[in-house]
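A.B. asks: no sequence for this one, just the structure:
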């Protein structure tokens, strides 16, 4: 068994973190350890409070001159401004939609009217289908689809392999910041810089990365970056960062008379106003995390400080679990064994189907899941039967060391 960790070993106090999440106070969840955060994180109290306040005091059509409506619009505007600050982008780069899948589908239509006829589009087989299928459908409009393939043994995307796919015909490359199965952190900054140098657009799926600390998108350099607010302690929305210069030239997807409004051009129908307002609570929470973190890094903003602390926390929490899994010779760990190079989204292949093992873990008070998680192309590339699937164990910075121990003890029984 791995050496015992305690809360004192960690850079952030889990008890103080968990005080911001009402789910940890809920009696029906009290005896359960949550290891399915990649499917959706618990919402933080700051988000819930903002959502309740909106529904209670200003659930009216926003942006009209009477007080409740004016306050509703101000609450929504605050969410755009707060997320822009946390992501280090201009406020008009931030867009909300109903989900990342829906946002990507909309963007495919917008980009189809923007790129040259018969362009080449590079996609990967590491992605969740949301950042693959919508782009692949553009083949029906005469565009060439090129696939950046993973290593069939490791599931890794090699940037050198991308070079072989790039030429003057390529309009954009869509790739994940982190795979929701492999867990490895792809070098998005380097990839986006290389694409920008070649005049090629970059579209980054950050759904599996953002819950582990919102990225500095001003530094990352993507033209489009997508993530899901409900996996980032928030409401059920998809968030898009679209470089404003690009957003202004993409084909309008909204009502024709809203063409002059950048925020409305790329949203077919506005998502729930209250949820947009509540998304400001995500940023409130990150500032609270920064306040709990000792600033030993010189990070310039509370959001960078929170990101650094959250990554350090999760890296330490991952170590005993990865050590345990790599010591077993009867399972296959997907992705790197080194916690520094991955997110805590850890997939395991065993003799029994992933869903069956997850069902067994539930008997030990462990919430986890099994399946293909919309990454069927990756499964097939790695020789994994999607129907057999993987057991996916995913957690966040608010997980306790004792919960990791409980998981390992349960795995000892269910993998025996």
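C.D. replies: Looks like it arrived, so ask away. These numbers come from a predicted model, not from an experiment.
A.B. asks: what are the ranges of the helices in the stretch 301-416 of the chain?
C.D. replies: Taking DSSP state H, counting those that start in this stretch as the test, the helices found in the stretch 301-416 of the chain are 302-327, 354-362, 376-381, 401-414.
A.B. asks: Just the buried positions in stretch 301-315, please.
C.D. replies: Within stretch 301-315, the residues that qualify as buried are 302-315, counting by 16 or more other Cβ atoms under 10 Å. From N, CA and C alone the C-beta is placed, and that goes for glycine too.
A.B. asks: Equivalent analysis for stretch 137-156, please.
C.D. replies: Buried residues in stretch 137-156, counted by 16+ other Cβ under 10 Å: 138, 143, 146, 148, 150, 155-156.
A.B. asks: Next step: those residues restricted to strands.
C.D. replies: 146, 148 (DSSP state E).
A.B. asks: returning to what we had before: Serialize the buried residues of stretch 301-315 to a markdown table and add fields for pLDDT and distance to residue 355.
C.D. replies: Below are the buried residues of stretch 301-315 laid out as a markdown table (pLDDT from 0 to 100; distance: Cβ to Cβ, whole Å):
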| residue | pLDDT | distance to residue 355 |
| --- | --- | --- |
| 302 | 94 | 40 |
| 303 | 96 | 37 |
| 304 | 95 | 38 |
| 305 | 95 | 39 |
| 306 | 96 | 34 |
| 307 | 96 | 33 |
| 308 | 95 | 36 |
| 309 | 95 | 34 |
| 310 | 97 | 29 |
| 311 | 96 | 30 |
| 312 | 96 | 33 |
| 313 | 97 | 29 |
| 314 | 98 | 25 |
| 315 | 97 | 28 |
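A.B. asks: picking that back up, could you redo the helices of the stretch 301-416 of the chain as TSV and give each row distance to residue 58?
C.D. replies: As requested, the helices of the stretch 301-416 of the chain are exported to TSV (distance: least, Cβ to Cβ, whole Å):
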stretch	distance to residue 58
helix 302-327	27
helix 354-362	40
helix 376-381	43
helix 401-414	38
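A.B. asks: Quick one: low-confidence residue ranges for the chain.
C.D. replies: 1-7, 295-297 (pLDDT under 70).
A.B. asks: who's sitting farthest from the centroid in it?
C.D. replies: Centroid-distance maximum for the chain: residue 66 at 37.3 Å, with Cα atoms, centre = their mean.
A.B. asks: For it, what are phi and psi?
C.D. replies: phi -80, psi 160 (degrees, to the nearest 10).
A.B. asks: show me what contacts residue 66?
C.D. replies: Contacts for residue 66 were tallied using Cβ atoms under 8 Å, 6 or more residues apart in numbering; there are none.
A.B. asks: ok, now which ones touch residue 55?
C.D. replies: By Cβ under 8 Å, 6+ apart, the neighbours of residue 55 are residue 274.
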